[in-house]
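A.B. asks: Here you go, sequence then predicted model.
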Amino acid sequence: MAMAGALSLSQFPVCGSISMPKRRRRFCMRAMSVSTQQEPTSSSSSSSSSSSSSVTIDPPPNFKPPEPKRFAIKPDKTNEVLGALLPLLFRFATGVFVDGYAFSFVSKDEIPPDQYALEINGITVKETAKVGPRPEKPIEIYEFESCPFCRKVREIVAILDLDVLFYPCPRNGPNFRPKVLQMGGKLQFPYMVDPNTGVSMYESDDIIRYLVDKYGNGNVPLSLSLGFLTALTAGLAMLGRISKGTTYTPAKFPPKPLKLWAYEGSPFCKLVRETLVELELPHLLISCARGSQKRHVLYQKTGHFQAPFLEDPNTGIEMFESAEIIEYLKATYAL
């Protein structure tokens, strides 16, 4: 039986109790999200994309996906994981929990065998959350990993439990940066397109407001509504991995977007996302922060839940383990 005092944590505190003036601030950190130069338009993009159909995508020879290892870190990757943990401290775990997250301690027998449940030292934890209307088609977002304004949008994506088609826009990327310039008229990130409504927009705060109004309960979480302080902490959160997920590494362009089960608060997911961005690999992110019902979906699919989990429709490879996923991506796509 569930214990009587089920605890509840919500990513959406009552916003009416704190009044914050809505202002757009421009300061030196903006340079991290806005390119200062005009980049080539469709020429390099079309040549890369058009040749993708003739490029063969094969996994490394004799490749075998690793067995998932819970909370295991390779000794040579410890510093990378610690650097990727920094955002949890500066951003107060924003992006770890779905809106309306709640948990209760239950008997193991109360959890159906095909559902995921957190177990800690023999204690079974049931996790739930509340989500708003679901978009029929994935939201499309053009961004890059090391941009603090992009991080703010990725955090709300995790909180709202939205699946998003990410188009990475690393510096010197030949495909999606020129596309953003063509669609919106300027090189500024993040840039969102909602194919369900036809709405497209720049400005992280405007995107966050749009998403919570359309697919949430209308309230922006406190940690994303503090104006300059939100942008500052999002920028400080990047210090541990400041140069990662920024610059393009020449790579094969995939015929189909990859699929990544992940969420913004996980340091292991962040490391994989850095590589996806640097290789400019479009990917459908299946949000699965704590409380997400999609954790059950992945558990039913694989018999295990762990994030990140990569599905590559171009090779048929499916795999857990962030370090091995990164090695696979570089071996398969990097030129």
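C.D. replies: Nice, I can see it. Numbers count the residues shown, from 1 in each chain.
A.B. asks: Okay, now the unreliable bits of this structure?
C.D. replies: Low-confidence regions of the chain, defined here as pLDDT under 70, cover residues 1-54.
A.B. asks: redo that, cut-off 50
C.D. replies: For the chain, the stretches with pLDDT under 50 are 1-51.
A.B. asks: Do you have the helices of it handy? List them.
C.D. replies: Counting by DSSP state H, the chain has helices at residues 42-51, 78-90, 148-159, 176-184, 204-215, 228-236, 267-278, 294-302, 322-333.
A.B. asks: any idea which of the ones you listed is most buried?
C.D. replies: Each of these was scored by mean neighbour count; the highest is helix 148-159, a mean of 27, by mean count of other C-beta atoms under 10 Å. C-beta coordinates here come from the backbone N, C-alpha and C atoms, glycine included.
A.B. asks: show me the contacts for residue 124.
C.D. replies: 105, 106, 107, 108, 110, 111, 117, 118 (C-beta atoms under 8 Å, 6 or more residues apart in numbering).
A.B. asks: residues near the nearest residue to it once chain neighbours are set aside, how many?
C.D. replies: Nearest-residue entry for residue 124: residue 108, 4.6 Å, with adjacent residues in sequence omitted and distances by C-beta to C-beta, 6 or more residues apart in numbering. Here the count is done by other C-beta atoms under 10 Å, and residue 108 has 10 residues near it.
A.B. asks: Please apply the same query to the one 4 residues further on.
C.D. replies: Look at residue 112: counted by other C-beta under 10 Å, it has 9 neighbours.
A.B. asks: Compute the distance between it and residue 121, please.
C.D. replies: Here the criterion is C-beta to C-beta, to the nearest Å. By it, residue 112 lies 22 Å from residue 121.
A.B. asks: ok, now residue 322?
C.D. replies: 25 Å.
A.B. asks: cool, and residue 299?
C.D. replies: Distance, residue 299 to residue 121, using C-beta to C-beta: 20 Å.
A.B. asks: circling back: got a markdown table for the helices of the chain, with distance to residue 69 too?
C.D. replies: Below are the helices of the chain laid out as a markdown table (distance: least, C-beta to C-beta, whole Å):
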| stretch | distance to residue 69 |
| --- | --- |
| helix 42-51 | 36 |
| helix 78-90 | 13 |
| helix 148-159 | 24 |
| helix 176-184 | 34 |
| helix 204-215 | 34 |
| helix 228-236 | 31 |
| helix 267-278 | 11 |
| helix 294-302 | 14 |
| helix 322-333 | 10 |
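A.B. asks: and of these, who's closest to residue 260?
C.D. replies: For the helices of the chain, distance to residue 260 was read as C-beta to C-beta. The smallest value, 6.7 Å, belongs to helix 267-278.
A.B. asks: now the angle from the closest one to helix 78-90?
C.D. replies: Using axes from the mean of the first three to the mean of the last three C-alpha atoms, to 10 degrees, the direction of helix 267-278 lies 100 degrees away from that of helix 78-90.
A.B. asks: any idea of the angle helix 267-278 forms with helix 148-159?
C.D. replies: With the same axes, to 10 degrees as the criterion, the two stretches helix 267-278 and helix 148-159 enclose an angle of 130 degrees.
A.B. asks: tell me the angle of helix 267-278 relative to helix 322-333?
C.D. replies: The directions of helix 267-278 and helix 322-333 differ by 10 degrees, with the same axes, to 10 degrees as the criterion.
A.B. asks: Next one: residue 181 from residue 195, what distance?
C.D. replies: The gap separating residue 181 from residue 195 is 20 Å, by C-beta to C-beta.
A.B. asks: same deal with residue 268?
C.D. replies: When C-beta to C-beta is the yardstick, residue 268 and residue 195 sit 30 Å from each other.
A.B. asks: ok, which stretches of this structure are strands?
C.D. replies: Taking DSSP state E as the criterion, the chain contains strands spanning 7-8, 102-106, 118-120, 123-128, 139-143, 164-168, 191-194, 199-201, 258-262, 283-287, 309-312, 317-319.
A.B. asks: Tell me the neighbouring strands of the third one, and mark each as parallel or antiparallel.
C.D. replies: The reference is to strand 118-120. Paired strands of strand 118-120, with direction, are strand 123-128 (antiparallel) (DSSP bridges).
A.B. asks: so how far is the strand it pairs with off the chain centroid?
C.D. replies: 24 Å (C-alpha atoms, centre = their mean, to the nearest Å).
A.B. asks: CA atoms only for it, dumped as CSV, please.
C.D. replies: Listed next in CSV are the C-alpha coordinates belonging to strand 123-128 (Å, rounded to 0.1, in the frame of the first residue of the first chain):
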residue,chain,number,x,y,z
ILE,A,123,12.4,0.6,-1.2
THR,A,124,10.0,1.1,-4.2
VAL,A,125,9.2,4.6,-5.2
LYS,A,126,6.2,5.4,-7.4
GLU,A,127,6.6,8.6,-9.4
THR,A,128,3.9,10.6,-11.2
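A.B. asks: relative to strand 102-106, how tilted is it?
C.D. replies: Following the same axes, to 10 degrees, one obtains 150 degrees for the angle between strand 123-128 and strand 102-106.
A.B. asks: What residues sit buried inside strand 123-128?
C.D. replies: Buried positions in strand 123-128, judged by neighbour count with 16 or more other C-beta atoms under 10 Å: 124, 126, 127.
A.B. asks: can you put those in JSON lines and add distance to residue 263?
C.D. replies: Formatted as JSON lines, the buried residues of strand 123-128 follow (distance: C-beta to C-beta, whole Å):
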{"residue": "124", "distance to residue 263": "21"}
{"residue": "126", "distance to residue 263": "19"}
{"residue": "127", "distance to residue 263": "13"}
